[in-house]
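Asks: Let's see this in three dimensions:
(chains A and B)
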Amino acid sequence: MENEKLNHIRHSAAHLLAAAVLRIWPDTKLTIGPAIENGFYYDFDFTDPISDDDLPKIEKMMAKTLADWNEFTHREVSEQEAREMYKDNPYKLELIDEIVQKGEALTLYKAGYFEDLCRGGHSEEPNKDIGAFKLLSLAGAYWRGDEKNTMLTRIYGTAFVTQTELDEYLHMLEEAKRRDHKKIGKEIDLFIMHETSPGMTYWLPKGVILYNELYAFTREMYKKYGYQEVMTPQLNKKELYETSGHWSHYKDDMFVANMGENEEFGIKPMNCPNAMVIFKSKTRSYNDLPLRLADTSLLHRYERSGTLNGLFRTRQFRQDDAHVFIMDDHISDEFSQIMQMIEEMYAPFNLSYRLRFGTRPAKFMGEQKDWDRAESALESVLQQSGKEYFKAQGEGAFYGPKVDILMKDAIGREWQTGTIQLDFQQPKNFELKYSHSDGTEKMPVVFHRAIYGSLERFLGVLIEHYVGAFPVWLAPVQVAILPISDKVTDFAQKVYEQFKDSGTRVELDMSNQTIGAKIREATLQKVPYLCIIGEKEESESNRVGKEIISIRTRDGRDLGNLELSEFLESIKKEIEKKT
RNA sequence: GCCGGCAUGGCUCAGUGGUAGAGCAAGUCAUUGGUAAUGACUAGAUCGUGAGUUCGAUUCUCACUGUCGGCUCCA
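Replies: Now for the predicted structure:
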């Protein structure tokens, strides 16, 4: 109910925006202006382009206009009347066509002097209900979201009942900015991007540690769950992609390499075709199934330039990808094993996730009865798992139903990461078969599954989730040793060696700075433990005959004096447990 | 790709139609300091690339490249 009210407020604010724009630029053509998840927008066709600097002006006009918006009234009009009214506005005319075709009534909603073709859903007393609003940004958007249509100017805004709520929302936006992984990645030296290879990451030494730790964890899980790793070619002749169907459906999104006249290669955008080749490379028996092949090859996709976005959308990435070849009756068991794997692999990050179950789309391959069987198998496992999931009707892949993982980060944003897809199609394209126990040949079914999805993207999400302050097992530097003066250099060196020998990722800060500056720097680098070493520690160590160190955490907690061997023990446990 | 913004030393940013400035980072020296910045000095930029306008362009115009916000939300 609350939500509905908020939607009404926001939709009313969209009307208000349209009214204000018309008062300033009367020749502007109006199109549509719905409420959306966190606010509203209105798409305009301006005669002259406007800019961000115009937003405050529009806001002022909105405030002025709102003053005499006491209520919304509406009336129904005839088709002729509506057409006459919008005779110069092709967008509204198109809408009228559709409404008439659907046999619905044409209604006009009016507040103050402003009347707009609209289905309804407004607040009853706009000038009381719209307590606070703000225009946020300007963007281009195609009429009806279709690239072939005119590009309109979209103005985004948001509205709330109270100023406090608006402030909170704006604060959340600030918080998201503060967590920007592109910014943090640069600050703590994880990765850079360079214009010579747009959309591809240069992983720096510290970023590689992070990457490899995550990768090592997935490999541990592979072992545990009966996966075998393979490595497959990066460049494949176009014939491979013709067989898989990618050449006809996916070529525009692929990098291709043309060698001479007759040889054309595609740079692999996904591992599936190679997995099919491996399956086919020898005679398979039902005894071999399930055959679980993990492949973490580098993938390249020629994403449209405008969609690139830090680590979130890159043109080069790896997935924790695997293909599982199974018999029909394994679907349910295998899927529940995958679900268990997901649970275990998301546990260390302290984040919740939910699942989106995509079912048969309008255009699908294969037999409807196979789909029905597969869907019900997946759904019953989903139900048993007790995990939160929702059905996205018709959003499965054309080759099979799928389940996507949507994970929620520390500030409640939701990210699509992993995906599990059942595939009836590739086995057909590649004519895969195995010998069944009864001596007949059968076709396997394939699960494509990636639990973190793109490792780059997942790491991007983790950077924002942790604001760069990774748990010890992931932290590129786990301990920073900060000597107070060079009187204790030898002692610091000795402690440093012991950390190193224990396998801890440790750095020794020998720079000529005050202890305050060293602490500040290590803290900004988000090093979990700072080991401060001065004359006190040294003499205390000499007194008791063991190394005594003093530890402070990156969030300012002073753990006081500790015995080095004990601290090594506790940090080792922390790393093992991934806490 | 399309719409709009942005592009100045490694980073963050200021600035001007007459060939540039700060802070941080870096280097040198002094300082030997106890839990978030010790001080001084030095070096470092043909102002993203190309073209145009101009006596003269980092500044104005155009194109290109890169990057950021959008391009799913349906009167």
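Asks: In terms of helices and strands, where is the spatially most central residue of chain A?
Replies: Taking CA atoms, centre = their mean, the centroid of chain A lies closest to A:Trp415, which sits 3.6 Å from it. With secondary structure defined by DSSP states H and E, A:Trp415 is part of strand A:414-423.
Asks: ditto for A:Val324
Replies: Element membership for A:Val324 (DSSP H and E) is strand A:316-326.
Asks: between the strand holding A:Trp415 and strand A:316-326, how many degrees?
Replies: Going by axes from the mean of the first three to the mean of the last three CA atoms, to 10 degrees, strand A:414-423 is angled at 40 degrees with respect to strand A:316-326.
Asks: Can you point out the buried residues in strand A:414-423?
Replies: By 16 or more other CB atoms under 10 Å, the buried positions in strand A:414-423 come out as A:Trp415, A:Thr417, A:Gly418, A:Thr419, A:Ile420, A:Gln421, A:Leu422, A:Asp423. The way it works is simple: take the backbone N, C-alpha and C, and place the C-beta from them, glycine included.
Asks: Show me what secondary structure element comes after it.
Replies: helix A:425-429.
Asks: Of all the residues in that following helix, which ones are buried?
Replies: Residues of helix A:425-429 classed as buried: A:Gln425, A:Gln426, A:Pro427, A:Asn429 (neighbour count, 16+ other CB under 10 Å).
Asks: per-residue pLDDT, the second one?
Replies: It stands for A:Gln426. pLDDT for A:Gln426: 91.
Asks: Give me the neighbour count for A:Pro269.
Replies: A:Pro269 has 19 neighbouring residues, counting by other CB atoms under 10 Å.
Asks: wait, doesn't it sit right on A:Asp252?
Replies: No: in this structure A:Pro269 lies outside contact range of A:Asp252 using CB atoms under 8 Å: 10.7 Å.
Asks: For the stretch 251-400 of chain A, which residue gets nearest to RNA strand B?
Replies: At 2.0 Å from RNA strand B, A:Gly306 is the closest residue in the stretch 251-400 of chain A, using CB to the nearest atom of the strand.
Asks: Am I right that that residue is in a helix?
Replies: Yes: according to DSSP: H, G, I helix; E, B strand; the rest coil, A:Gly306 belongs to a helix.
Asks: count of neighbours near it?
Replies: By the other CB under 10 Å criterion, the neighbourhood of A:Gly306 contains 7 residues.
Asks: can stretch A:352-361 be found next to RNA strand B?
Replies: No: residues of stretch A:352-361 contacting RNA strand B under CB under 7 Å from any atom of the strand: none, with a closest distance of 12.9 Å.
Asks: Apologies, that question was intended for stretch A:176-192.
Replies: Yes: Stretch A:176-192 is in contact with RNA strand B by CB under 7 Å from any atom of the strand, via A:Lys182, A:Lys186.
Asks: returning to what we had before: tell me which other helices or strands the strand holding A:Val324 touches.
Replies: Other helices and strands packing on strand A:316-326, by 3 or more CB pairs under 8 Å, 6 or more residues apart in numbering; DSSP states H and E, are helix A:205-224, helix A:272-280, strand A:291-295, strand A:298-300, helix A:331-346, strand A:445-454, helix A:455-466.
Asks: Could you dump those into TSV and include mean pLDDT and distance to A:Gly534?
Replies: Output for those, formatted as TSV (pLDDT from 0 to 100; distance: least, CB to CB, whole Å):
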stretch	mean pLDDT	distance to A:Gly534
helix A:205-224	97	27
helix A:272-280	97	57
strand A:291-295	97	49
strand A:298-300	95	47
helix A:331-346	94	42
strand A:445-454	95	42
helix A:455-466	94	30
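Asks: Output those in TSV; the columns should cover mean neighbour count and distance to RNA strand B.
Replies: Below are the helices and strands packed on strand A:316-326 laid out as TSV (neighbours: other CB atoms under 10 Å; distance: least, CB to the nearest atom of the strand, whole Å):
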stretch	mean neighbour count	distance to RNA strand B
helix A:205-224	16	15
helix A:272-280	20	25
strand A:291-295	22	27
strand A:298-300	18	14
helix A:331-346	18	24
strand A:445-454	24	15
helix A:455-466	24	10
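Asks: Of all those, which one comes closest to A:Trp143?
Replies: helix A:455-466 (30.5 Å; CB to CB).
Asks: and the closest one, how far out from the chain's middle?
Replies: Relative to the centre of its chain, helix A:455-466 is centred 8 Å away, using CA atoms, centre = their mean, to the nearest Å.
Asks: packing partners for the strand holding A:Trp415?
Replies: helix A:331-346, strand A:402-408, strand A:445-454, helix A:455-466.
Asks: any chance of the ones you listed in TSV, plus distance to A:Leu108?
Replies: Below are the helices and strands packed on strand A:414-423 laid out as TSV (distance: least, CB to CB, whole Å):
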stretch	distance to A:Leu108
helix A:331-346	50
strand A:402-408	39
strand A:445-454	47
helix A:455-466	45
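Asks: now, among the buried residues of strand A:414-423, which is nearest to RNA strand B?
Replies: Distance to RNA strand B across the buried residues of strand A:414-423 (CB to the nearest atom of the strand) is lowest for A:Trp415, with 12.6 Å.
Asks: so the residue found closest to A:Lys5 once you drop the neighbours it is linked to in the chain, which of the three states?
Replies: Among residues not flanking A:Lys5 along the chain, A:Ser123 sits closest, at 7.1 Å (CB to CB, 6 or more residues apart in numbering). Counting by three-state DSSP, the backbone at A:Ser123 sits in coil.
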